[in-house]
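*Asks:* build the 3D model from these lines:
(chains A, B, C and D)
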There are 2 protein chains.
Amino acid sequence: MARTQGSHSDITGPRIQAAALKLFAQHGYAAVSMRQIAKEVGVQAGALYNYTPDKQSMLFRLMKTHMVDLLTAWEESESPEGPLEQLRHFTRFHIRFHRERPEEVFIAYMELRNLSPENFAEIEALRGQYENALETILKAGVEAGQFHVPDTKIATLAVIAMLTGVNTWYRAGGRLSLDEVEAIYWDMVRKSVAP
Amino acid sequence: MARTQGSHSDITGPRIQAAALKLFAQHGYAAVSMRQIAKEVGVQAGALYNYTPDKQSMLFRLMKTHMVDLLTAWEESESPEGPLEQLRHFTRFHIRFHRERPEEVFIAYMELRNLSPENFAEIEALRGQYENALETILKAGVEAGQFHVPDTKIATLAVIAMLTGVNTWYRAGGRLSLDEVEAIYWDMVRKSVAP
DNA sequence: GTCTATAGATCGATAGAC
DNA sequence: GTCTATCGATCTATAGAC
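*Replies:* Numbering: from 1, shown residues only, chains lettered A, B, ... in the order given. Predicted coordinates:
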């Protein structure tokens, strides 16, 4: 069947998402115009509105997709036996997953305040689910006497903050391989919750 | 001497800084207009340009003042003897200082990409100086055999990321006092670099 | 599904009166 | 030092042709 006049591609949707991801990460949501996104894709600004009701929805979709991907990948990952091995698994998983998606991670942290209240609540709930995954591991380890942390909730946030920090400095081809980075962080995480 | 006509205050300058601080932290630099800042202060937009050459300079001044304040406060703080006590001192200092200035800290982390290249380089240099303060402590502790870290540079960034994370969740009047928070983080920091 | 064109609002920054 | 007024650019979103 012949294509409708003016329709040049059926993958414009994903290309718009990719352009928004790149530009939001680079300049920030508020600083990026719909015209810039359209130019990156190679269409006119009006055409974007065939794929999104507004700019806010583009941001929300990027962030929600990222959080759902994160939770799904975690749930599908092979969980080893025992709190210590599970903590090692989480450390490794977190560093790898976040390292593979620097733009999504950056947006997920920096653009929370640009979400509408309803959208913000939804993203925060997903983030809470992810934090719970780590806290569950820490609680089990404390119960088994393998970990000592004064407060599992704070330890959860502290470990995640430490691990996510990798994204602020790691560059592929730098002084350290990703394996080395993982080993270094695992050493620190392991000790930080040691009895 | 009589006041110049139209001059209603000689503290307009600081009030503009305060308004910019509040609004940039709340909505982000790019999302805040000069008219919004002026309204917060109670003047017209044009009057702002008696105090700043442009919007970019307002952001840079906020960030530079914050970083210089941070370095000055650190240098003026009483440094104890020995790497372990110095690390405890740093942990306590970092949490307190950052907790007292949530808006400045937020801007200093979130608005780096909105700085001009020259301004960015200057802020990054100051940040590097602060990181060096911690790395110096860690190096001394490793040399003395009191610490074990696979890489002092990464350990520096990991500890700072962990400690700065306090600002994302701590609220005055919450479940934990600041003393308790400091104790919890000190326990984790101390162990994370333990031999 | 994409285009052109535009409505309607808002932006940063400046000019000139007082 | 602050005001009013405005320039020229840019913004999001929509309307209608094809």
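*Asks:* residues contacting the residue nearest to the spatial centre of chain A?
*Replies:* Residue closest to the average C-alpha location in chain A (Cα atoms, centre = their mean): A:Val105, at 3.9 Å. Contact partners of A:Val105, counting by Cβ atoms under 8 Å, 6 or more residues apart in numbering or on different chains, are A:His66, A:His98, A:Thr164, A:Asn167. For glycine as for every other residue, the C-beta is placed from the backbone atoms N, C-alpha and C.
*Asks:* test my guess that the second one contacts A:Gly165.
*Replies:* In other words, A:His98. No: with contact defined as Cβ atoms under 8 Å, A:His98 does not reach A:Gly165; the gap is 9.8 Å.
*Asks:* residues from chain A in reach of DNA strand D?
*Replies:* Within reach of DNA strand D by Cβ under 7 Å from any atom of the strand, chain A has these residues: A:5-6, A:32-36, A:45-46, A:49, A:53-56.
*Asks:* what residues are up against A:Ala161?
*Replies:* B:Ala161, B:Met162, B:Thr164, B:Gly165, B:Thr168.
*Asks:* which non-adjacent residue is nearest it?
*Replies:* Distances taken as Cβ to Cβ, 6 or more residues apart in numbering or on different chains put B:Gly165 closest to A:Ala161, at 3.0 Å, once the chain neighbours are dropped.
*Asks:* what residues sit buried inside stretch A:178-195?
*Replies:* The neighbour-count check on stretch A:178-195 (16 or more other Cβ atoms under 10 Å in any protein chain shown) flags A:178, A:181-182, A:184-194 as buried.
*Asks:* element containing A:His148, please.
*Replies:* Using DSSP states H and E, A:His148 maps to neither a helix nor a strand.
*Asks:* how about the nearest residue to it, chain neighbours excluded?
*Replies:* A:Pro195 is the one closest to A:His148 (Cβ to Cβ, 6+ apart), at 4.2 Å.
*Asks:* run a quick neighbour tally on the closest residue to A:Pro80 other than its chain neighbours.
*Replies:* The spatial neighbour of A:Pro80 that comes closest, neighbours along the chain excluded (Cβ to Cβ, 6+ apart), is A:His89 at 5.5 Å. The tally of other residues near A:His89 (other Cβ atoms under 10 Å in any protein chain shown) stands at 16.
*Asks:* how about A:Phe106?
*Replies:* Neighbours of A:Phe106 (other Cβ under 10 Å): 19.
*Asks:* I'd like the next helix or strand past whichever strand or helix holds it.
*Replies:* Using DSSP H and E, A:Phe106 falls within helix A:102-110. Later in the chain than helix A:102-110, the nearest helix or strand by DSSP H and E is helix A:117-143.
*Asks:* who does that following helix touch, helix- and strand-wise?
*Replies:* Other helices and strands packing on helix A:117-143, by 3 or more Cβ pairs under 8 Å, 6 or more residues apart in numbering or on different chains; DSSP states H and E, are helix A:55-76, helix A:83-99, helix A:152-164.
*Asks:* could I get the ones you listed as a markdown table with distance to A:Asn114 and mean pLDDT?
*Replies:* Listed next are those as a markdown table, based on distance: least, Cβ to Cβ, whole Å; pLDDT from 0 to 100:
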| stretch | distance to A:Asn114 | mean pLDDT |
| --- | --- | --- |
| helix A:55-76 | 6 | 98 |
| helix A:83-99 | 21 | 98 |
| helix A:152-164 | 19 | 98 |
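*Asks:* among those, which is the most enclosed?
*Replies:* Most buried of the helices and strands packed on helix A:117-143, by mean neighbour count (mean count of other Cβ atoms under 10 Å in any protein chain shown): helix A:152-164, with a mean of 22.
*Asks:* which residues does A:Trp169 contact?
*Replies:* B:Ile154, B:Leu157.
*Asks:* so is stretch A:12-24 next to DNA strand C?
*Replies:* Yes: under the criterion of Cβ under 7 Å from any atom of the strand, stretch A:12-24 makes contact with DNA strand C via A:Thr12.
*Asks:* contacts for that stretch, please.
*Replies:* Contacts for stretch A:12-24 (Cβ under 8 Å, 6+ apart): A:9, A:32, A:36-37, A:40-41, A:43, A:47-48, A:50-52, A:58-59, A:61-62, A:103-104, A:107, A:111.
*Asks:* number of residues surrounding A:Asn167?
*Replies:* Per other Cβ under 10 Å, the neighbour tally for A:Asn167 reads 16.
*Asks:* pretty sure it is in contact with A:Glu104, am I right?
*Replies:* No: using Cβ under 8 Å, A:Asn167 makes no contact with A:Glu104, being 10.3 Å away.
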